[in-house]
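Asker: pasted the sequence and its predicted model underneath.
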Amino acid sequence: MTLPAGMPQTLRCGRFELQLSRPLVMGIVNTTPDSFSDGGRYLAADAAIRHARRLLDEGADLLDIGGESTRPGSAAVSEAEELGRVLPVLEALRGCGRPLSVDTRHAAVMRGVLSAGADMINDVAGFRAPGALEAVAGGTAGLCVMHMLGEPSTMQQAPVYRDVVAEVAAFLRDRVSALLACGVARERIVLDPGIGFGKNLEHNLSLLRGLSGLAGLGLPLLLGVSRKSMVGQITGRGVGERMAGSVAAALASVHRGAAIVRVHDVAETKDALAVWQAIEG
């Protein structure tokens, strides 16, 4: 994989500097009772920690730990509850040797997990919440800026765009400008168009087909399509039967320029990427 000229070739991620010369796989660890794919399976900290270590054994390049479900129709949880779910997992995995991201849209949670040693903040709201920019401006943590139309509770209620690729690109450009104005280095930023977050199937497909346009923003891209309803709509498969479709989506994303793919099925995605890279040379 060759990144476009002028794009950072590394991603600063707290204690780590990730090389982007090959696609990276981010493993998902949901410590929630209601996530769309595995809600409740890893709510207990010990179960989440075991799951995270299995993903590391399978070759995850980094982990993304979430304590609040942002599936369509989900309700917000308190910051204290979110921290209570995430911090024990984060603290147990600090010595794993790979970057630990926390998926949160709340400034207080960002401050708490950064103090506990999180290497990255993955914000589905694009650091728009009050205090979010200030919470992440200092330090060296990686920052994933994602596009979401509306709020999780309502985002899938008939989303409308005139030009989804152009509008998502404009949003991401604006949020990057806000981060840069706070003193954040470009090498800390990765962009996510937010597949399934306020988009219907055609919006999602347009974004995936138009990834080269988003790469024109000059920053690496992170894509999360794993097990999402888009895969189910195309294949007719339920959530527990979407592995093959998810792996196909990951490969297509990398082929179109994604530097990182966020997945549930780490081993299978790693194998598929290894074969694809060998063929591509």
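Answerer: The structure has been received and is ready for your questions. Predicted model only: the values in this text are computed from it and were never measured. Numbering: from 1, shown residues only.
Asker: next SSE after the helix or strand harbouring Leu214?
Answerer: Element membership of Leu214, judged by DSSP states H and E, is helix 211-215. Moving toward the C-terminus from helix 211-215, the next helix or strand (DSSP H and E) is strand 221-223.
Asker: I'd like to know which elements that next one is packed against.
Answerer: Packing partners of strand 221-223 (3 or more CB pairs under 8 Å, 6 or more residues apart in numbering; DSSP states H and E): strand 189-192, helix 211-215, helix 243-255, strand 258-263. C-beta: built from backbone N, CA, C; applies to glycine.
Asker: least confident of these, on average?
Answerer: If those are sorted by mean pLDDT, helix 211-215 sits at the bottom with a mean of 90.
Asker: contacts for it, please.
Answerer: Identification of contacts with helix 211-215 by CB atoms under 8 Å, 6 or more residues apart in numbering yields 4, 7, 165-166, 168-169, 172, 191, 193, 207, 221, 223, 253, 256-258.
Asker: what do you get for stretch 235-247?
Answerer: For stretch 235-247, contacts defined as CB under 8 Å, 6+ apart pick out 36-37, 225-228, 231-232, 234, 263-265, 268-269, 272.
Asker: okay, that stretch in PDB with CA atoms only?
Answerer: Extracted in PDB, the C-alpha atoms of stretch 235-247 (Å, rounded to 0.1, in the frame of the first residue of the first chain):
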ATOM      1  CA  THR A 235     -26.000 -10.200   1.600                       C
ATOM      2  CA  GLY A 236     -29.300 -10.800   3.500                       C
ATOM      3  CA  ARG A 237     -27.300 -12.100   6.400                       C
ATOM      4  CA  GLY A 238     -27.900 -11.500  10.100                       C
ATOM      5  CA  VAL A 239     -25.400  -9.900  12.400                       C
ATOM      6  CA  GLY A 240     -23.800 -13.200  13.300                       C
ATOM      7  CA  GLU A 241     -23.300 -14.300   9.700                       C
ATOM      8  CA  ARG A 242     -21.600 -11.200   8.200                       C
ATOM      9  CA  MET A 243     -17.900 -12.200   8.600                       C
ATOM     10  CA  ALA A 244     -17.300 -12.900   4.900                       C
ATOM     11  CA  GLY A 245     -19.100  -9.700   3.800                       C
ATOM     12  CA  SER A 246     -17.200  -7.700   6.400                       C
ATOM     13  CA  VAL A 247     -13.800  -9.000   5.200                       C
END
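Asker: buried sites along it?
Answerer: Arg237, Arg242, Met243, Gly245, Ser246, Val247 (16 or more other CB atoms under 10 Å).
Asker: so can I have CSV of those residues showing distance to His203?
Answerer: Converted to CSV, the buried residues of stretch 235-247 look like this (distance: CB to CB, whole Å):
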residue, distance to His203
Arg237, 20
Arg242, 19
Met243, 24
Gly245, 18
Ser246, 18
Val247, 22
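Asker: buried stuff in the strand or helix carrying Arg53?
Answerer: Here Arg53 sits within helix 45-57, counting by DSSP H and E. Using 16+ other CB under 10 Å as the burial criterion, the residues of helix 45-57 that qualify are Ala45, Ala48, Ile49, His51, Ala52, Arg53, Leu55, Leu56.
Asker: mean confidence score for it?
Answerer: 95.
Asker: identify the residues contacting that helix?
Answerer: Counting by CB under 8 Å, 6+ apart, 27-31, 41-42, 63, 65, 85, 88-89, 92-93, 96, 98, 266 sit against helix 45-57.
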